[in-house]
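> Build me a model:
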Amino acid sequence: MDCIFCRIVAGELPAHKVYEDADLLAFMDIQPITRGHVLLIPKQHHATLLDTPAHMLAKITAALPEVCHAVTRGTGAEGFNILQSNGACAGQVVGHIHFHIVPRKTGDGIGLGFRHHPPVKDDLARTAQDIRSALA
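Predicted coordinates:
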């Protein structure tokens, strides 16, 4: 497999690791948004959130607070963003599920770049119904 994150897990590529257990690995992003930007991944390859088994998502969710606390303490950050993208259209560059932990400080000039688009009349109700139908 030619997954860069799997190669890091296998020790084939170097990484500045900050957290590791039997199932997860957190390491410094080599193209950080801010100082202390960390990626948290499962060691087992899963392309997206939808491909990741629930038990693995539970392990990731359980580890996130510990890693986030360490990132904020280690960098002196006032807060942080957790970003997770699925698919190229959503900005996913590496096809291995990963969570970005981006330390933040007031006035750091970092924005998320999202623009709000007001829904057209009745679109919220119609879209909500479509989603409820998909859940059924």
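> if I've got this straight, residue 124 is in a strand?
No - according to DSSP: H, G, I helix; E, B strand; the rest coil, residue 124 belongs to no strand; its state is helix.
> and it, how many neighbours does it have?
Close neighbours of residue 124, defined as other CB atoms under 10 Å, add up to 10. Where you see a C-beta, it was placed from the backbone N, CA and C, and this is true even at glycine.
> can you check residue 30 too?
Residue 30 - counted by other CB under 10 Å - has 11 other residues nearby.
> Dead centre of the protein: give me the residue that sits there.
Per CA atoms, centre = their mean, the C-alpha nearest to the average position across the chain is that of residue 99, at 1.8 Å.
> what's the distance between it and residue 122?
35 Å (CB to CB, to the nearest Å).
> what does residue 111 give?
Using CB to CB, residue 111 is found at 31 Å from residue 122.
> Helices of the chain, start to end?
4-9, 54-75, 123-135 (DSSP state H).
> of all these, which lies closest to residue 81?
For those, the distance to residue 81 is smallest for helix 54-75, at 10.0 Å, taking CB to CB.
> For the closest one, which outside residues touch it?
For helix 54-75, the external contacting residues (CB atoms under 8 Å, 6 or more residues apart in numbering) are 18-19, 21, 23-24, 26, 34-36, 38, 40, 42, 44, 46, 49, 52, 77-80, 82, 99, 101, 103.
> Quick one: mean pLDDT for that helix?
Averaging pLDDT along helix 54-75 yields 97.
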